[in-house]
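# Compute the structure for the input listed below.
(chains A, B and C)
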Amino acid sequence: MNTTAPLMEAREIAKNYGNIIALSGISMTVEAGKVTCVLGDNGAGKSTLIKILAGVHQHDEGELLIEGEPVKFASPREALDRGIAAVYQDLAMVPLMSVWRNFFLGSEPRRRLGPMKLLNVPHARHTAKDELFKMGIDIRDPEQPVGTLSGGERQSVAIARAVYFGAKVLILDEPTSALGVKQSGIVLRYILEAAKRNLGVIFITHNPNHAYPVGDRFIVLSRGRSLGNFAKNEITRDEMTRLMAGGGELDELTADLERAR
Amino acid sequence: MATTTNVGDALASARASAAKAADERLGHRGPIQRLLVRAEIGALIGVTIVWLFYWIVTKQFGTAAGAGTYLDIAANTGFVAVFVALLMIGGEFDLSAGAMTGTSGILVGLISEEIGRKGISVFIAVPIGLLVAAGIGFWNGQMVNRSKLPSFIVTLGTFYILQGGTLGFTKQINGKVFVDKFDKTSGFSILRKVFASEFSGKPFGARNALFTIMLLAAAAFIILGVLHLTYRRLAKPSAAGFPVLGGGVVLIAVGFIGLLRSTGKGSDWIFGALLGLGIVVGMVGAARTLYVGGVDVHHDGSTANAVFKRAGIGVVLIALGVFFSKLLDHHKTKRLFLITTEQGFRAILVVFGVVGGLVAIGLAARKATPVSRTLRLEMMVLAVLAITVVAFILQSESTSRKLRVELFSMLLLMAAVALGATLVEYFHPKRLVADRAADRHGTMLVVAGALLGALGVLMRMLFSGSTFRISILWWIIATAGASLLLLRTRFGSWIFSVGGNKDAARSVGVPVARVKTTLFMMVSCAGWFAGMMAAFQLNGTQANQGVGKELEYIVAAVVGGNLLTGGYGSAAGASLGALVTAFTAVGIPYAGWNSNWNFLFLGAILLLSVLVNNFIRTRAQAARR
Amino acid sequence: MKMRYSVAAVALAIVAASCGSSAKKADTSTTAGSASATTKAADTATTKAAATTASAAATTEAVKATQGKDLTFYMITHGDGGVFWSVVQKGAEAAGKAMGVTVKYEGANNDPQKQAQMIDAAVAAKPAGIAVSLANPDALKGSIKKAVDAGIPVYTLNSGVNNYKELGAVTHIGQTETVAGNGAGERFKAAGAKHLLCVIQEQSNVALEERCDGATATFGGKVDRLTQTAGDKDVPKSTQEITAKLQADPSIDAVLGEGPVAGVEAVAAVKTANSKAMIGNFDLSGDIIQNIKDGKILFAIDQQQYLQGYLPVVLMFLQATNANTAGGGLPILTGPGFVTKDNAAQVEALAKAGTR
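Now for the predicted structure:
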């Protein structure tokens, strides 16, 4: 294992669906403790990219390297085992189920009772409550259904879950898109919290105002291609916004609207 | 980076102290509150109400023999319903479960009778039936997983295949549409012991005394446990309470022994009164000894009119109950208004009046809590009086054969306990913070009391000379096993997640397809077992047996609190649902009603239970915020 | 303030009223009852029989029994509440009214498990007698044995003439299916038929199979059996099944319907299939009689199911009050009665009333 290699690196990744080119020539790196933002308008290919990174799909061309080692994930489980945790827009939460069950879903702690292996419920409740508290969420009763939490809190539970289970790379798919200003602020703070714990965070969004404050690197996608890969000191927020919206097109639109007024 | 860390830590500690303060300000959610929002509560309430109703309205329902019958009926439905509930929580239906019972019975019967000259031993035929059942379950699961069709459709297809196939093959093979003389097969008598044997215990000498002691001890445990869960414990038991507690115990002992040795003459009521008084004094004394004294100070002095309005309504309703109980005669089963007897009508009016009155007074007491302690005390005393009145109404039905003397005694005891609880509440403030140790002890006491009580009832029923079939035992084991699986194993968490949001489950690594197939196989195998129980009981099987049961399983599951859309529910609830339907099947003929009303009753119960369960679920989710 | 006092006053008044009235009723049964109750203060969910009260109750029962009051009988059939069984129920309830006893009629809708459970429940209620129709003797023998062991007299009706004795029933009230079937077969033979179709509406009903067996024995020609899948519950489907059979085999020239609905279905089926088959039927209904008058049905065999409901109640009553047991070890026959064009009009009015 190469310790100087980035946590995750994508080299010229491409994906085709039939004769539709979903992604082409995408390269990016993710380093521990740093946030990489993937930006682009709707339809740019962001969700395809994360599905490949998280093991839901396989890339057709290019290389995906984890700590310097090329991999091709056959299932999300494999990606999870390698420390890649994805938090999708629908959060992978089961609303009717309690917080602690959701927290430990798929990786439930067990203890032996005679010939049977039972859930270690007190430990699970306890741990879920503590881990969430460490992330700054106070759940009074871990038995409450996840559906009773607010959108921002649910995002945080998902992030806390990924952090706890030893994710090395955390992929967040549009976590702030459905949230208001205050809730988005909470989520952004948790993203920083995760980065603080030395995870590599990939933050996908179409909102440059959210991406800019927290990101260390930015990659902008448009129609399946990369428009550029920048470090924070290489681009300003306005430049990034203009790049995402199609640059010159936005200038023309603004001019037209001015004239019409 | 350094500054961020400091800010972050500061934020964290600020959050922590704020959270702690919040915890202390609001009431803590102890085990009792958590109990009230469980999925099974609606079904439990339903079971209690329906049982009480039939117990009051008929003569035979409360007997052990009656219990043996409805428990057997419940067991036959409940055994499969429990697993159908698991499947429902997992988000799927199995409409072939009913036909599975018939097919299993026919298959095993045909194998053991038609193969070879003298047939094969049932020891071979029965496991073959299990394998086939598992195979059909596997088929159901695979079809649902691969075809992506709704399970409703897939299992409907399986249902028709099973129904037609069973009929066709049976006719083909033995020329009939049933398998009979099953009891003549080799090995029948031994396996019958497993699937359909009956137990009938003879009453033994000390049974009644033992039963009474167990029940009193159970009541004492439960009362003490609830007190523990509600009030703040003293660090050390206070000596000031000992004399009162001792006095209470002495009164109880005198009253109890006096009643035991009574000769049936008129002085009984003195001992009864002593017993009641002893309970009140004992409770006050125990509280004095164990809990912190003082006064609750949450009052806002809002108007007392609302309280009196409720209390007034309550009193009026109870008066109506008294009135109707005197007005309508409780003699013969004369038909009134075409659908019910005069007896039944009277029972309904009295029960509504009395229960409605008690509920209204209870609401008044609740409303009085924030107003003033004294007002609440008065409302509670009113409630106790109401219970006493109700007891006397029922006791004064001397000419009716169905003299509810046990109900009378029970109500008076309840009144005594309520009075005791009221006084304890007046003098001790409720617990606001979590006290883990007290929670644990309290829960242990309540559970021990409940178990002791259940054990006492069980012992008394089993040793009363009535017969109980082993199907009841299998049903209880299945319910316990399925509940354990659902709530305390990893697989159970998976079931909830697969039903609640299967994409989410899949993305965290839960093997969704495997879970579903396993659930379908469980249901089919349960159907096999139920088919075996029926075949060994009835000495044969009809080809169309079990057709129609699949809806009963689903009804039992829904009445028990399981969501049709999946992701939420309880296995024990399905058993309770099966019990309610069994009550009506047995109670309606006992009550002398036309058996056709059975379906009407079932429909009403189904709708009502869905409404109640919805209500409870929304409260559960709202209350937690 | 005033409200408070008025509520309290009313409450006290009610308490006084209810307590006072119970004090007035000073009969010993009350005080004895409440005494024994408060003694067993915690006996709630189970049997009330303590030894002394039980024996006291038994003597009062015996006394009351001779007065014909407070007797309860159960009649548990496999019936479905349709046109045939509603007549049985009417008979049973009429007998109950005439004797002044309570009759609880239950139909298990052809489900033997349900019927067994109903019998178990009835046994638990300790009635003075139970009447059962034995469509499936094997399935019911356990429950009937329990009734017999508990000392409850068991009578069988309608089905099970070959099994009632070994199950311990006092007697069987019904029709010997084989004999009735013989009659049907003879009539068809006399009318010149060569190929008979038996239409069986209830699966696994021993009695219906016996009817066809009896007809086969005396018919002398070819006999086929058609077992309907839905039976009386789905008339269009069952009619269609008969039509299909007639169309498939035009050599059928006689159809024997084994229940009142089957006969009517046969009439419709014969018309649709353009068959020349003659029709005979078991059991009556208004429609059947009309068809006989119209000449569409040759004859109907009446097992007089009203008697099957009425007589068991009478016999159970007599056994309970006068220790009579009828039958002499043999079944009591309620049929066959033959209804043809000659006597149809007479029977018609009664069938319309639902008692034939």
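
# Please count neighbours and contacts with C-alpha atoms only from this point.
OK.

# Any stretches of the stretch 301-450 of chain B with poor pLDDT?
B:301-303, B:328-344, B:347, B:370-371, B:394-407, B:434 (pLDDT under 70).

# so where do the helices sit in it?
B:305-327, B:342-368, B:373-395, B:405-427, B:436-462 (DSSP state H, counting those that start in this stretch).

# Whichever residue of the stretch 151-261 of chain A sits closest to chain C is in what secondary structure piece?
Relative to chain C, the nearest point of the stretch 151-261 of chain A is A:R154 (48.1 Å; CA to the nearest CA). Per DSSP states H and E: A:R154 is located in helix A:151-164.

# Next, the angle from the next helix or strand after that helix to helix A:151-164.
Beyond helix A:151-164 on the C-terminal side, the first helix or strand identified by DSSP H and E is strand A:169-173. Angle, strand A:169-173 to helix A:151-164, by axes from the mean of the first three to the mean of the last three CA atoms, to 10 degrees: 160 degrees.

# Let me know the average pLDDT across strand A:169-173.
The average pLDDT for strand A:169-173 rounds to 89.

# what's downstream of it, the next helix or strand?
That would be, after strand A:169-173 and using DSSP H and E, helix A:181-196.

# what's the neighbour count on the residue of the stretch 151-261 of chain A closest to chain C?
22 (other CA atoms under 10 Å in any protein chain shown).

# Kindly report the same for A:P115.
With other CA under 10 Å as criterion, A:P115 counts 6.

# cool, the one 5 residues further on as well?
A:N120 has 16 neighbouring residues, counting by other CA under 10 Å.

# And C:I76, by the same measure?
Residues near C:I76, counting by other CA under 10 Å: 23.

# Same question for C:K352.
Neighbour count for C:K352, taken as other CA under 10 Å: 13.

# Now do the same for it: helix, strand or coil?
Under DSSP: H, G, I helix; E, B strand; the rest coil, C:K352 falls in the helix class.

# residues contacting it?
By CA atoms under 8 Å, 6 or more residues apart in numbering or on different chains, C:K352 lies in contact with C:285-286.

# ok, it to chain A distance?
60 Å (CA to the nearest CA, to the nearest Å).

# hmm, back to that, give the buried residues for the helix holding A:R154.
Using 16 or more other CA atoms under 10 Å in any protein chain shown as the test for burial, helix A:151-164 gives A:151-163.

# Look at A:E143 and report its pLDDT.
According to the model, A:E143 scores 85 on pLDDT.

# and it, how many neighbours?
A:E143 has 16 neighbours, counted by other CA under 10 Å.

# Grab the nearest non-local neighbour of it.
A:S98 (4.9 Å; CA to CA, 6 or more residues apart in numbering or on different chains).

# Which of the helices or strands spans A:I219?
Using DSSP H and E, A:I219 falls in strand A:217-222.

# and that strand, how far from the chain's centre?
On the basis of CA atoms, centre = their mean, to the nearest Å, strand A:217-222 is displaced by 14 Å from the centre of the chain it belongs to.

# What would it look like as PDB? C-alpha coordinates only.
Output of strand A:217-222 as PDB, limited to C-alpha atoms (Å, rounded to 0.1, in the frame of the first residue of the first chain):
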ATOM      1  CA  ARG A 217     -10.600  20.900  -4.600                       C
ATOM      2  CA  PHE A 218     -13.300  21.400  -7.200                       C
ATOM      3  CA  ILE A 219     -14.200  19.500 -10.300                       C
ATOM      4  CA  VAL A 220     -16.900  20.800 -12.600                       C
ATOM      5  CA  LEU A 221     -18.800  18.500 -14.800                       C
ATOM      6  CA  SER A 222     -21.000  19.300 -17.800                       C
END
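
# Quick check: mean pLDDT of it?
88.

# Partner strands of that strand and their direction?
strand A:35-39 (parallel), strand A:225-231 (antiparallel) (DSSP bridges).

# who's in contact with the helix or strand just after the shortest one?
Scanning the chain past strand A:35-39 towards its C-terminal end, the next helix or strand to appear is helix A:46-53 (assignment: DSSP H and E). Identification of contacts with helix A:46-53 by CA under 8 Å, 6+ apart yields A:22-23, A:38-40, A:57-59, A:64, A:84, A:86, A:171, A:173, A:204, A:221.

# After helix A:46-53, which helix or strand is next? Please name it.
Heading C-terminal from helix A:46-53 (DSSP H and E), you reach strand A:61-66.

# Low-confidence regions, chain B specifically.
The model of chain B has pLDDT under 70 over residues B:1-33, B:37, B:262-268, B:296-303, B:328-344, B:347, B:370-371, B:394-407, B:434, B:620-625.

# Please work out which residue of it is closest to chain C.
For chain B, CA to the nearest CA, closest residue to chain C: B:L538, 3.8 Å.

# burial count for that residue?
Residues lying near B:L538 (other CA under 10 Å) number 26.

# Next up, the contacts around it.
Contacts of B:L538 (CA under 8 Å, 6+ apart): C:112-113, C:138-142.

# rerun that using 7 Å as the cut-off
Neighbouring residues of B:L538 by CA atoms under 7 Å, 6 or more residues apart in numbering or on different chains: C:138-140.

# and what of A:L23?
A:14-16, A:45, A:224-225.

# ok, now B:L320?
B:L320 neighbours (CA under 7 Å, 6+ apart): B:G353.

# Phi and psi next, for the residue most central in space within chain C.
By CA atoms, centre = their mean, chain C has its centre lying nearest to C:T77, at 4.1 Å. Reported as degrees, to the nearest 10, the phi and psi values for C:T77 are phi -110, psi 170.

# how close does whichever residue of the stretch 151-300 of chain B sits closest to chain A sit to A:N209?
Closest to chain A within the stretch 151-300 of chain B is B:L229: 17.3 Å, counting by CA to the nearest CA. Applying CA to CA, to the nearest Å, the value for B:L229 to A:N209 is 51 Å.

# same thing with C:G91?
Taking CA to CA, one finds C:G91 at 87 Å from A:N209.

# out of the two, which sits in the more crowded spot?
Set C:G91 next to A:N209 and count neighbours by other CA under 10 Å: C:G91 wins out with 24 against 13.

# who's in contact with that one?
Here C:G91 is in contact with C:306-307, C:309-310 (CA under 7 Å, 6+ apart).

# Just the pLDDT for residue 45.
All of this is about chain A. Per the predicted model, pLDDT is 82 at A:G45.

# my bad, chain C
pLDDT at C:A45 comes out at 31.
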